[in-house]
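Engineer: Predicted coordinates and the sequence they were generated for:
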Amino acid sequence: MTALRWVLAASAGFACFLSLVWPFVVSADPSDSTFRALAIGTFVALLGSIAALAFLRLRRAA
Amino acid sequence: MQGPSHLLVSWYFADAAGLETARDRRIVAWAGLAPDVDVLAYAGALLYYRLDKDLAFENVWRVVHHRYTHGLTFVLLTGVVAWLLCSNQSARARVALFAMVASVLHLFCDLVAGGPTWPIYPLWPVSDLGWSASWSWTIGEWPNIAILFACLAGMFAYAKFAARSPLECFGDRADAWFVRIASQAPRPAGSERTSLRWIIWAAVILGAIAILAPLGFKPSG
């Protein structure tokens, strides 16, 4: 649970960076392949960690 | 992502982050949907242009959507509002922080899953740079539909096993009603007003329309 929370925190933090900071400090190219890989990876990690934490909570509640 | 998906993902985020009270989760969930408040401008434009969708879209929605509410300024505003709404003094900073994160996650989800034609404006009004990804999938594509259905399935699972659900965004009574349906518990006598039940069903139907309308669903074929 704690490890998953860290994944959630890291992916949420990195999502903030990609959304608000990346175009100003790295590249504002909308077809940037590095950005694509990082963004999709972060998206999957974010939703995956939320889903995994929800599953653990439900299992504990059941 | 669709509006309901933003709301549900934000509620799951609040729950995963360990917010214990329904009110705190509710604040964070609505903060996650808040950037789409600019839809009110479109609604106003529809009235102004006498229900002419094309005029409202071209003159208002295309200009307004994402520009003023999908950036850091609005995120900070969301944090201030969450701070003010939180009744628990000791949790205020935490709730405000999670509300801001939920709001930024909305921007991130729109960046990845909102389509390439709707950029976000991270530093408006300081910078007018629109930020989008050319590969971003659009609102009706399968990943967004899959996320929406997973969120809806999770809603039922939460109601059945945890005796609460994302419907607590609409109030404790709406949540109790849904939990009772999902867990097939008998209704306590005289516990619920008939008018409230109709209001909830109307909200469910409006929610379904809000989900299906952007996908081009036409019941008549």
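Structural biologist: Alright, I've got the coordinates. Numbers count the residues shown, from 1 in each chain, chains lettered A, B, ... in the order given.
Engineer: shaky segments in chain B?
Structural biologist: B:187-194, B:196, B:211-221 (pLDDT under 70).
Engineer: What parts of it come near chain A?
Structural biologist: Within chain B, the positions adjacent to chain A are B:9, B:12-13, B:15-18, B:71-72, B:101, B:104-105, B:107-109, B:111-113, B:116, B:120, B:122-123, B:127, B:129, B:131-135, B:147, B:150, B:154, B:157-158, B:161-163 by C-beta under 8 Å from any C-beta of the partner chain. To be clear about C-beta, it is placed using only N, CA and C from the backbone, and glycine gets the same treatment.
Engineer: Now list the buried members of those.
Structural biologist: Using 16 or more other C-beta atoms under 10 Å in any protein chain shown as the burial test, these include B:9, B:12-13, B:15-17, B:71-72, B:101, B:104-105, B:107-109, B:111-113, B:120, B:122-123, B:131-133, B:147, B:150, B:154, B:157-158, B:161-162 as buried.
Engineer: and those, which of them are in helices?
Structural biologist: When those are checked against helices (DSSP state H), the matches are B:9, B:12-13, B:15-16, B:72, B:101, B:104-105, B:107-109, B:111-113, B:147, B:150, B:154, B:157-158, B:161-162.
Engineer: Which residues are in contact with the residue lying closest to residue B:150 once chain neighbours are set aside?
Structural biologist: The shortest distance from residue B:150 to any non-neighbouring residue, by C-beta to C-beta, 6 or more residues apart in numbering or on different chains, is to residue A:51 (7.3 Å). Taking C-beta atoms under 8 Å, 6 or more residues apart in numbering or on different chains as the criterion, residue A:51 is in contact with B:12, B:150, B:154.
Engineer: May I ask which helix or strand encompasses residue A:51?
Structural biologist: Assigned by DSSP states H and E, residue A:51 belongs to helix A:33-61.
Engineer: And the average pLDDT for that helix is what?
Structural biologist: Computed over helix A:33-61, the mean pLDDT rounds to 95.
Engineer: which bits of chain A sit near chain B?
Structural biologist: Counting by C-beta under 8 Å from any C-beta, chain A sits next to chain B at A:5, A:8, A:12, A:15-16, A:18-24, A:28, A:30-31, A:35-36, A:39-40, A:42-43, A:46-47, A:49-51, A:53-54, A:57-58, A:61-62.
Engineer: Run a quick neighbour tally on the closest residue to residue B:119 other than its chain neighbours.
Structural biologist: Nearest non-adjacent residue to residue B:119, counting by C-beta to C-beta, 6+ apart: residue B:130, 3.3 Å away. When neighbours are counted by other C-beta atoms under 10 Å in any protein chain shown, residue B:130 registers 17.
Engineer: Now find how far off-centre stretch B:63-74 is within its chain.
Structural biologist: Relative to the centre of its chain, stretch B:63-74 is centred 16 Å away, using C-alpha atoms, centre = their mean, to the nearest Å.
Engineer: Repeat that for stretch B:31-40.
Structural biologist: Mean-position distance between stretch B:31-40 and its chain equals 7 Å (C-alpha atoms, centre = their mean).
Engineer: likewise stretch B:79-90?
Structural biologist: Here the centre of stretch B:79-90 is set off from its chain's centre by 19 Å, with C-alpha atoms, centre = their mean.
Engineer: As CSV, could you dump the C-alpha coordinates of stretch B:162-172?
Structural biologist: The C-alpha coordinates for stretch B:162-172 follow below in CSV (Å, rounded to 0.1, in the frame of the first residue of the first chain):
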residue,chain,number,x,y,z
ALA,B,162,-17.1,-0.4,1.0
ALA,B,163,-20.6,0.9,1.6
ARG,B,164,-19.8,4.2,0.0
SER,B,165,-19.3,5.3,-3.6
PRO,B,166,-18.3,8.3,-5.8
LEU,B,167,-21.9,9.3,-5.7
GLU,B,168,-21.1,10.9,-2.4
CYS,B,169,-20.0,13.8,-4.6
PHE,B,170,-23.7,14.6,-4.9
GLY,B,171,-24.4,14.3,-1.1
ASP,B,172,-24.6,11.7,1.6
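Engineer: Which positions within that stretch qualify as buried?
Structural biologist: Residues of stretch B:162-172 classed as buried: B:162, B:164-170 (neighbour count, 16+ other C-beta under 10 Å).
Engineer: go on, stretch B:22-42?
Structural biologist: In stretch B:22-42, counting by 16+ other C-beta under 10 Å, buried: B:23-36, B:38, B:41-42.
Engineer: Same question for stretch B:74-85.
Structural biologist: Those would be B:74-75, B:78-79, B:81-83, B:85, for stretch B:74-85 by 16+ other C-beta under 10 Å.
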